[in-house]
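Engineer: need coordinates for the following:
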Amino acid sequence: MGVRDYRDLIVWQKAMDLVIEVYRLTRAFPREELYGLTNQVRRAAVSIPSNIAEGQARQSTAEFRNFLSIAQGSRAEVETQLTIAMRLDYITNEDARMSLWLLIEIQKMLATLLKRLH
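Structural biologist: Purely as a prediction, here's the structure:
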């Protein structure tokens with residue numbers, strides 16, 4: 001693969017944007033969720049760019065694919081947790097609009113990158 005640095009990957013950049021959005025959104029969550037849903041969704045969001053970075057830094061394509069797969073799992077986790085937050089009325093669909101859009105973009109990009117690495 002021709003990428004020398006994970007920071008050059010647009011999917012990593014979008015995943016970093018998602019982390020900022022998730023932190024912004026979770027500031028509005030109830031205080032009693034600080035060690036529950038707030039912490040869980042933040043950790044899952046941080047996991048996405050972290051796994052992309054770690055995988056790209058590995059020495060083999062197989063390892064990179066594995067870390068991208070983990071990032072996909074974390075992406076689905078964030079989507080689920082934001083849906084839970086909306087169902088609990090912690091946030092509105094409008095509040096979550098940017099995060100949900102980023103999640104779709106990240107999903108597509110990870111899928112494309114995984115295909116290219118096969």
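
Engineer: could you pull out the helices in the chain for me?
Structural biologist: Assigned by DSSP state H, the helices in the chain fall at 10-26, 39-57, 61-87, 93-116.

Engineer: dump the ones you listed to JSON lines, plus mean pLDDT and mean neighbour count.
Structural biologist: Heads up, the C-betas are built off the backbone N, CA and C, glycines and all. As requested, these are arranged in JSON lines below (pLDDT from 0 to 100; neighbours: other Cβ atoms under 10 Å):
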{"stretch": "helix 10-26", "mean pLDDT": "98", "mean neighbour count": "19"}
{"stretch": "helix 39-57", "mean pLDDT": "97", "mean neighbour count": "20"}
{"stretch": "helix 61-87", "mean pLDDT": "97", "mean neighbour count": "17"}
{"stretch": "helix 93-116", "mean pLDDT": "97", "mean neighbour count": "16"}
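
Engineer: of those, which is nearest Arg4?
Structural biologist: For those, proximity to Arg4 was assessed by Cβ to Cβ; helix 39-57 is nearest, at 9.2 Å.

Engineer: quick one: the closest one to chain centroid distance?
Structural biologist: The chain centre lies 6 Å from the centre of helix 39-57; the measure is Cα atoms, centre = their mean, to the nearest Å.
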